[in-house]
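Enquirer: Please work out how this folds:
(4 chains)
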There are 2 protein chains.
Amino acid sequence: MGAMSNVERAVSALRQMIFAGELPPGSDHLETELAEKLGMSRTPVREAALMLQAQGLVEMRPRRGIRITPVSAADMAEIYDILTELESLAAARAAEAQYSKADLANLATAIRDMDGALARDDLRAWAEADDRFHRELVRLGRNARLSMVVSVMRDQVRRARATTLFMRPKPKQSNEDHRVVYQAIARGDAKTAHDTHHAHRQAARDMLVALLEKHQFHGL
Amino acid sequence: MGAMSNVERAVSALRQMIFAGELPPGSDHLETELAEKLGMSRTPVREAALMLQAQGLVEMRPRRGIRITPVSAADMAEIYDILTELESLAAARAAEAQYSKADLANLATAIRDMDGALARDDLRAWAEADDRFHRELVRLGRNARLSMVVSVMRDQVRRARATTLFMRPKPKQSNEDHRVVYQAIARGDAKTAHDTHHAHRQAARDMLVALLEKHQFHGL
DNA sequence: GTATGCATCTGTGTATACATTAACGCATGA
DNA sequence: TCATGCGTTAATGTATACACAGATGCATAC
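Expert: Model (predicted):
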């Protein structure tokens, strides 16, 4: 049943609290404090923090506590640059892999869901489906390490998105792009898949960074 | 003096032992065993292992010990794909940054050192200077996260290189490429810097993967 | 000879204790 | 008022203890 160690529990709990904003960016938390809150001893909390530190979600500073890493607009630019390159590579590789329509079903579904969510003005559902599309795209690229790096970066993006989702223009062009990428992959056109996705991400990057800078979220 | 924690000591010591082949890929080691060898208790060893695990150098499997991650030819292909994309981006960004000749001194030195090493047939010195060139290139790209990801990937490459260095053809084209990249950066030509470096890395990838497959280093 | 179950044993996951050392406040002096 | 130094306090880094669970080997049954 409880086939889950305390370390794993601590990792999920801390992640959730960070994404929910319960542990705000820039805030410090003592190991003892978190241990008590999670109902376990310091040891698993420390190990969990170590893992989250490796993913850039927290920083452990001796005697100052575990700090929830703040993410500035400049940081987000860095992150998006990496995402752009790696996801585009994944798109190209996916196109080269000669997938069948069936293999691409998840992609198609995600696109449809985004359309639906957009029609209903349901931005949360849109964001969820968008995430799903990008995750699936990377998976199809068949590079386990790339997937891991991307997922770490995406975690950071998600933190920023929580606050910017309702400030940004409606993602209309976005779905056009997804469709082009999908079709390019379906017909094995690696260059188009790559370049379209690259432009897609770069546009998202510029929009988001501008938004963050404008609203001076210099350390969210 | 000893302003270095046991965890830090354990991390360096383990890294060194891994790179030196003293802890061979695929081998398992109990926490107690390593703790004794390093002259400390299990706690810092565990924490060090956790960090190295996040970098993909070891895997901790309950009750089976700490395994030194083996790297197959397929793994190396994955790793090089990531390196190729991210380093090329760094090259492009470096070109955009309008660096002065003085800023690029380290690059120039590395290239000169490679020339010298090649003339003396000193492959070790060549590899060291090559590493230096690539590290500096990434640094000039000014993306801290990218630098970290690349450095993790490069650690893996280094492990494979140790065994393949003396099997590969003399890296002659290599230095031509470096020179072109350098000049492109110097004159602010991002596209040439990017594309040249991209091709450079891809060629290295293909050569190395072929070499590894041929010699059936299926888990070194 | 092979499969199945059980007992043993050992390594890990976690809690806890403790020494160290950096941060903080206060007092002292300029 | 502000800087400097010292003592106190408290958080961490590390060691250690211990319970649990999974692996291993053996015995037994088929």
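
Enquirer: Going by secondary structure, A:M60 is in what exactly?
Expert: If you go by DSSP states H and E, A:M60 is part of strand A:58-61.

Enquirer: Measure how buried A:R112 is and give me the count.
Expert: A:R112 is flanked by 12 other residues according to other CB atoms under 10 Å in any protein chain shown. (Glycine included, C-beta is placed from N, CA and C.)

Enquirer: Domain map for chain A?
Expert: A:6-68, A:73-214 (automatic domain parsing).

Enquirer: Ok, which of those domains comes nearest chain B?
Expert: In terms of CB to the nearest CB, the element of these nearest to chain B is domain A:6-68, at 3.3 Å.

Enquirer: hang on, the earlier thing: just put the domains of chain A in JSON lines and tack on mean pLDDT and distance to DNA strand D.
Expert: Converted to JSON lines, these look like this (pLDDT from 0 to 100; distance: least, CB to the nearest atom of the strand, whole Å):
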{"stretch": "domain A:6-68", "mean pLDDT": "95", "distance to DNA strand D": "4"}
{"stretch": "domain A:73-214", "mean pLDDT": "93", "distance to DNA strand D": "22"}
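
Enquirer: Rebuild those domains as TSV, extending it with distance to chain B.
Expert: TSV is the format used below for the domains of chain A (distance: least, CB to the nearest CB, whole Å):
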stretch	distance to chain B
domain A:6-68	3
domain A:73-214	4
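
Enquirer: For DNA strand C, find the nearest of those.
Expert: Closest of the domains of chain A to DNA strand C is domain A:6-68, at 2.9 Å (criterion: CB to the nearest atom of the strand).

Enquirer: Establish whether that closest one and DNA strand C are in contact.
Expert: Yes - Domain A:6-68 is in contact with DNA strand C by CB under 7 Å from any atom of the strand, via A:N6, A:V7, A:M40, A:S41, A:R42, A:T43, A:P44, A:E47, A:P62, A:R63, A:R64.

Enquirer: What is the nearest of those residues to B:A105?
Expert: Among the residues of domain A:6-68 next to DNA strand C, A:P62 lies closest to B:A105 (CB to CB), at 36.0 Å.

Enquirer: That closest one: what's it in contact with?
Expert: By CB atoms under 8 Å, 6 or more residues apart in numbering or on different chains, A:P62 lies in contact with nothing.

Enquirer: now A:A144
Expert: Residues in contact with A:A144 (CB under 8 Å, 6+ apart) are B:E78.

Enquirer: Please compute how far stretch A:158-169 lies from its chain's middle.
Expert: Between the centre of stretch A:158-169 and the centre of its chain there are 12 Å (CA atoms, centre = their mean, to the nearest Å).

Enquirer: now stretch A:24-33
Expert: With CA atoms, centre = their mean as the basis, stretch A:24-33 stands 23 Å off its chain's centre.

Enquirer: got a list of contacts for it?
Expert: Residues outside stretch A:24-33 that contact it (CB under 8 Å, 6+ apart) are A:23, A:42, A:45-46, A:49, A:61, A:64-71, A:159, A:219-220.

Enquirer: The same query, at a cut-off of 10 Å, please.
Expert: In this structure, residues lying in contact with stretch A:24-33 by CB atoms under 10 Å, 6 or more residues apart in numbering or on different chains are A:14, A:17-18, A:23, A:36-37, A:41-43, A:45-46, A:49, A:57-61, A:63-72, A:159-160, A:217, A:219-220.

Enquirer: residues of the helix or strand encompassing A:K37 that come out buried?
Expert: Per DSSP H and E: A:K37 is located in helix A:31-38. If you call a residue buried by 16 or more other CB atoms under 10 Å in any protein chain shown, then helix A:31-38 has these buried ones: A:E31, A:L34, A:A35, A:L38.

Enquirer: Now do the helix or strand that it is followed by: which elements does it pack against?
Expert: Downstream of helix A:31-38, the next assigned helix or strand under DSSP H and E is helix A:42-54. Using 3 or more CB pairs under 10 Å, 6 or more residues apart in numbering or on different chains; DSSP states H and E, the elements in contact with helix A:42-54 are helix A:6-19, helix A:31-38, strand A:58-61, strand A:65-68, helix B:42-54.

Enquirer: Could you dump these into CSV with distance to B:I111 added?
Expert: Formatted as CSV, the helices and strands packed on helix A:42-54 follow (distance: least, CB to CB, whole Å):
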stretch, distance to B:I111
helix A:6-19, 44
helix A:31-38, 48
strand A:58-61, 36
strand A:65-68, 41
helix B:42-54, 33
